[in-house]
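Chemist: any chance you could fold what I've pasted below:
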Amino acid sequence: MTLPVFAGISAEPVDSVAHIIQVALTPVFMLSGIGTLLNLFNTRLARVSDHIEQASALLTDDNDDAERNRTLEKHLVRLHRRTLMLDTAILAGGLGGAASCGAAFVLFLGGVRDSSVATWLVIMFGLALCCTVGALALFLGDSLIAWHGLKREGPMPRPTPKTA
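Modeler: Next up is the predicted model:
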């Protein structure tokens with residue numbers, strides 16, 4: 001038994017609206033994942049920045065240990081490379097997020113205006129995927145620099161105790 005309220009509504013428009021909503025959620029879920037990645041990249045960048053400050057402070061201390069200073073300079077070079085990789089990963093992730101939003105917007109406009117937006121959708125979603133893959137590749141590059149630097153140079157030297 002159908003309710004009188006729904007008697008004049010056909011099932012086809014509801015199915016097409018449900019399909020539009022299902023398709024539009026794909027970029028939104030991708031955007032959520034990209035937001036999580038950006039949070040991870042920013043947290044890692046903050047830690048690298050802290051290490052740069054620590055290494056710079058140790059380098060500017062009045063210390064005549066040439067070997068220690070060379071090690072600190074190597075650490076600083078590696079940390080600056082990591083900063084560049086993470087900055088670029090954040091940029092690529094941000095572009096991927098913007099492209100995901102653009103894909104969701106294009107889907108919405110296509111559903112509302114009942115027009116063909118397939119070309120724009122492929123461009124926006126493809127850009128989002130490419131930027132996300134690029135951001136992950138840059139993150140992998142940062143991880144490799146960190147791992148190999150730690151293996152080659154060892155941990156960062158500790159501050160030398162001040163003599164009274």
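Chemist: host element of residue 27?
Modeler: helix 11-60 (DSSP states H and E).
Chemist: what is the rounded mean pLDDT of that helix?
Modeler: Averaging pLDDT along helix 11-60 yields 82.
Chemist: just checking, what packs against it?
Modeler: Counting contacts by 3 or more CB pairs under 8 Å, 6 or more residues apart in numbering; DSSP states H and E, helix 11-60 is packed against helix 66-113, helix 118-153. Every C-beta, even on glycine, is put in place using the N, C-alpha and C of the backbone.
Chemist: a markdown table please, covering those and showing mean neighbour count.
Modeler: A markdown table is the format used below for the helices and strands packed on helix 11-60 (neighbours: other CB atoms under 10 Å):
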| stretch | mean neighbour count |
| --- | --- |
| helix 66-113 | 18 |
| helix 118-153 | 16 |
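Chemist: of all the ones you listed, which one is nearest residue 22?
Modeler: Among the helices and strands packed on helix 11-60, the nearest to residue 22 by CB to CB is helix 66-113 (10.2 Å).
Chemist: just the angle between that closest one and helix 118-153, please?
Modeler: Per axes from the mean of the first three to the mean of the last three CA atoms, to 10 degrees, the angle that helix 66-113 makes with helix 118-153 is 170 degrees.
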